[in-house]
Structure formats: structure tokens, C-alpha cells
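> build me a model:
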Amino acid sequence: EITMLCSFLTLATLSTFASLYILFFILPSLNTHENNSEKPEPKLIGINARNDLHSQSTAVLPLLSWERESILGNANEDSSNLSCNPPSHVSKQCCIGSFSMGGDIDYRLRYNCNATTLDDYLKLQDHAESLLSEKSNLGCDVCRIIQIGLRDNLTIAFFGDSMQNQVVQGLICELQRREYRVEVTRIPGKEDRCKRCIKWTQVLRITSPEDRTDGAVTIKFFFQYRYPFFYAEEEMQVATEAEILIINLGLHWSWNGRMYATGRMHYRKSMNEFLRFLQNNGTIKLLLHRETSAQHFDADGGDWGLRNENSSKSCVPIRNYMSQAAAWREEKVAIAARSQGFQKRLATSNEGQVQNNELTILPWWNFTAHHHEMHPKEECSHYCSSPFLYLPLWRSLRLAMERQFPTDNS
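Next up is the predicted model:
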């Protein structure tokens, strides 16, 4: 019996040692191999990644958790208001689906958007990523815009209408979601109801928590609906308060507009006059024209002015991209630029010698033309905002600035 007991204890001891060996030596080795080969450490994005606070290496920053929640609440009016809960440093106008109403950006009407699901916005993300993929190693475009502005002490200005206001708000949101701090000051204009006057001037002061020098970049937005200017001093203000100017208010002219001189010939004439003024006055070193975003009314080219009594109230795909009514505003801008001695170029590269009197075009019509689903219901001019809607503009603006203000590393 004693012999059997000793044999049993010996086997138990060996079994215990074998189990401990497997537990402490074999399994950790297997787990390490598995983790290294199949489960790479996830990349931190945003405020938690203190060594890359602005996610500068990431060209397309995915939707953050609060942005996803704001989409899920867009189904009806009650949940739309409750689901808009951005971080304290982010404006509520950045909630997904916000759009311009009467000039201001309204986040409370997001339930009126045609796009109400996460898939709708991921489709837009896929399209934006496909456009940026050719130069995917460039990283964050708005970060580079701020870096150049800070380095060269540049003021950037936008001039335009309610859609341009959405573009500026889109820039604010992209900066805020990347952890920049944006101070906003609005200065009322002389006459609020005057279409040819500056309705208000918005002044943005952009800073980074990582910057210990108290440096800041100033961005301005001059909100106006139509040319020509009613007050000459306001036109001079637009021309002299920045080194970079991005212009567009094309949606306030239509193909056959008859009231208030808003037809396509009037648009060309107004562009002639404004470009002539900018050529002879001001401090602008880089002049850019943002392409007018596509409309999706049930009419030829999607143009609002070509609707008829049989037109649907819904926003529909553009049926004929080759129609004269499709992107006609860009044709008029090109004619006006040539007549004033400007050389028109697309902002698709940061290379090439800068010429005198260049008008740089920020492409956007073709991108927006593919997204009729991104409008509010029955309002087929403005767009329900998301970060991905404006990404092509930031890439083009960044390339234009690198070309105009080069460094050895550009």
C-alpha cells in the first residue's frame, strides 16, 4: 500500500509540473505568436493618442462615437434633438445631417434629411476615400492647411453664400473633431436683408493644444448672396483682409433666371467684374474658386431654374451629365477668367511653376453630383453635412497652398 501511495504521489507531482510548464512557458509563446501575426495593436485615434493628437497621419478620420449616435437619432424630430451630444469643444452644428436654413446652420432639423442611416454616410465616406487614395500617404489635409498658415502667417478668407457657409462650418467641424480649438466671432454687417451686402463676417481663431508658442491661424468668412457689391468698401474689405481667398456664390444664379438679374449671362458678367477688381486691388496671393455644388432638382442638369409643373418635389439623380445645364456655372467662370487675363488651373497637384494671375479651381461639382440622397427632403441645393462631404475640398486647398507657398519638404 505504501508503494502504491508513493507511485500515486509521484505521478501527481509530475502532472502538476507538466501543467505549470504548459501554463507559464508554452501558452504565452503561442499567444504572443498569435497576437503578433493576426491581431495587430489597434491604432488610437483622436484625443487618446497624445503622441498624434490631431491624427496627422490619417487622411480620412472615421466617424467618432458621438457622430454615429447623432446619425442614429435622425429618424424623427424628438430623437434628433436628443441624440446631438458632441464633446464640449465641438459645435452642435457638427452633428451629422446639419444643413443651412436661412443662412445659419441648423442641427435641429436633421430628421428632414433623406440620408438617415449609417450606411448612407458610409457610402459617402467610401467615395471620398476613393478620391484621396491616389495620394493616401499625404495624411491629414486640414492639419497641413493650418501648418502652412501658421508657418507663413497667412489669413485665409472665404466669400460666398449659404452653401459657402456650410463649407466653412465643415472646416470648423473637421478641425474640432481632430482636437483643434476654434474660437468663433461673428460681426454683423451693415444691412441684414441686403443680398448684395455682407450679411456678417465670421472670424475664426485656430489653435492647437500641442502648440506652446500661442500661435494661431485666422480664417474669415464674408457671407453675401450676390454680386455686385452694394458698398464699395465691403468689396475692398474682401480683397484686402487675407492672402488666400476662396470664392463662390453660384447657387444664386440659375440657367434661365429672369428676376433680379440672376440668369447665366448675368452670372458671367458679375464674375467678370469681381475678377477684374481682384486683379487690380487687394493683397490676395492665392485666389481660388470653389466649384458650385451640384443641384438635384427634377429638371435638366438638376438646375432649380429649369423645373416645370411636372417636376417631382423629390431630389433625383442627374439624368444627363453632358447637358448644357449641368455644371454650366463652371463654364461661365472659365469664360470670365479668360476675359480678365487669368490662367485657370485645377488644384490637383502641388507641383508646377506658379504663374501670374492664376485662378485656382477647387473641384467639387462632380463629387457632389453623385449624391442626390444627401439633400434635405424637397430642398435639393443644400446638403446634409458629414465630414466626408468636404474632404475633396480640403485636399485640393492643401495642394494649392503647398504649390503657392512651398518649402523644401513640400
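
> what's downstream of the helix or strand of the chain with the lowest mean pLDDT, the next helix or strand?
Least confident element among the helices and strands of the chain, by mean pLDDT, DSSP states H and E: helix 27-38 (a mean of 39). Sequence-wise, the next helix or strand downstream of helix 27-38 (DSSP states H and E) is helix 65-72.

> pull out the buried positions in the strand or helix carrying R395.
R395 is part of helix 391-404, with elements assigned from DSSP H and E. Residues 391-404 are the ones in helix 391-404 that count as buried (16 or more other C-beta atoms under 10 Å). C-beta: built from backbone N, CA, C; applies to glycine.

> so G189 sits against I198, correct?
Yes: at 4.2 Å, G189 counts as touching I198 under the criterion of C-beta atoms under 8 Å.

> so which of the two has more stuff around it?
I198 (25 against 16; other C-beta atoms under 10 Å).

> need the buried residues of helix 391-404 in TSV with pLDDT and distance to E234, can you?
What follows is the buried residues of helix 391-404, written out as TSV (pLDDT from 0 to 100; distance: C-beta to C-beta, whole Å):
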residue	pLDDT	distance to E234
L391	97	31
P392	97	30
L393	98	25
W394	98	28
R395	97	31
S396	97	27
L397	98	24
R398	97	29
L399	96	30
A400	97	25
M401	97	26
E402	96	31
R403	95	30
Q404	96	26
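
> pick out the most distant pair among the residues you listed.
Spanning the widest gap among the buried residues of helix 391-404 are L391 and Q404, at 20.6 Å by C-beta to C-beta.

> could you measure from M271 over to H252?
Distance, M271 to H252, using C-beta to C-beta, to the nearest Å: 12 Å.

> so F158: helix, strand or coil?
Put simply, F158 is strand when judged by DSSP: H, G, I helix; E, B strand; the rest coil.

> hey, what's it bridged with?
Bridge pairing for F158 (DSSP bridges) gives the partners F221, I246.

> show me what contacts it?
When contacts are counted by C-beta atoms under 8 Å, 6 or more residues apart in numbering, F158 touches Q164, V167, V168, I219, K220, F221, F222, L245, I246, I247.

> okay, the last one: pLDDT?
The predicted local distance difference test score for I247 is 98.

> the second one now?
The per-residue pLDDT reported for V167 equals 97.

> and the contacts of F158 as TSV, adding neighbour count and distance to R177?
Output for the contacts of F158, formatted as TSV (neighbours: other C-beta atoms under 10 Å; distance: C-beta to C-beta, whole Å):
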residue	neighbour count	distance to R177
Q164	25	20
V167	23	16
V168	22	15
I219	25	16
K220	21	21
F221	25	19
F222	23	25
L245	24	26
I246	24	21
I247	24	26
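
> compare M271 and H252 (neighbour count), which wins?
Ranked by neighbour count (other C-beta under 10 Å), M271 and H252 place M271 first, with 25 against 21.

> quick one: pLDDT of the residue nearest to that one when sequence neighbours are not counted?
Ranked by C-beta to C-beta, 6 or more residues apart in numbering and with sequence neighbours excluded, the top spatial neighbour of M271 is A336, at 3.8 Å. Per-residue pLDDT puts A336 at 96.

> now do T348
Turning to T348, the model gives it a pLDDT of 90.

> what of S136?
62.

> ok, S7 next?
The predicted local confidence for S7 is 47.

> including distance to S57, could the buried residues of helix 391-404 go into JSON lines?
As requested, those are exported to JSON lines (distance: C-beta to C-beta, whole Å):
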{"residue": "L391", "distance to S57": "16"}
{"residue": "P392", "distance to S57": "19"}
{"residue": "L393", "distance to S57": "20"}
{"residue": "W394", "distance to S57": "15"}
{"residue": "R395", "distance to S57": "15"}
{"residue": "S396", "distance to S57": "20"}
{"residue": "L397", "distance to S57": "19"}
{"residue": "R398", "distance to S57": "15"}
{"residue": "L399", "distance to S57": "18"}
{"residue": "A400", "distance to S57": "22"}
{"residue": "M401", "distance to S57": "19"}
{"residue": "E402", "distance to S57": "17"}
{"residue": "R403", "distance to S57": "22"}
{"residue": "Q404", "distance to S57": "24"}
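
> what touches both of G189 and I198?
By C-beta under 8 Å, 6+ apart, the residues touching both G189 and I198 are F223, E234.

> thinking again about what came up before, any chance of the contacts of F158 in TSV, plus distance to E330?
Output for the contacts of F158, formatted as TSV (distance: C-beta to C-beta, whole Å):
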residue	distance to E330
Q164	16
V167	16
V168	21
I219	25
K220	25
F221	22
F222	22
L245	18
I246	15
I247	13
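
> farthest-apart pair in those residues, please.
Greatest spatial distance among the contacts of F158 (C-beta to C-beta): I219 and I247, at 14.4 Å.

> how far away is the residue nearest to M271 from R268?
Applying C-beta to C-beta to A336 and R268 gives a distance of 5 Å.

> so for these two, which residue has more residues nearby?
Shown here are A336 and R268; by other C-beta under 10 Å, A336 has more neighbours (23 against 20).

> pretty sure that one sits in a strand.
No: judged by three-state DSSP, A336 forms no part of a strand; its state is helix.

> contact partners for it?
By C-beta under 8 Å, 6+ apart, the residues touching A336 are R268, M271, N272, L275.

> ok, it to T201 distance?
Taking C-beta to C-beta, one finds A336 at 25 Å from T201.

> again, but for T283
Using C-beta to C-beta, which is the criterion applied here, T283 is 16 Å from T201.

> pretty sure Y321 sits against A369.
Yes: Y321 is in contact with A369 according to C-beta under 8 Å; the separation is 7.0 Å.

> check which helix or strand T201 maps to.
T201 is part of strand 200-207 when elements are defined by DSSP H and E.

> got the buried residues for that strand?
Residues of strand 200-207 classed as buried by neighbour count (16+ other C-beta under 10 Å): W200, T201, Q202, V203, L204, I206, T207.

> nearest to F159 among these?
Nearest to F159 among those is T201, at 10.0 Å by C-beta to C-beta.

> which SS state does the residue nearest to that closest one when sequence neighbours are not counted fall under?
With C-beta to C-beta, 6+ apart as the criterion, T201 has its nearest non-adjacent residue at 4.5 Å, and that residue is I187. Classification of I187 by three-state DSSP places it in strand.
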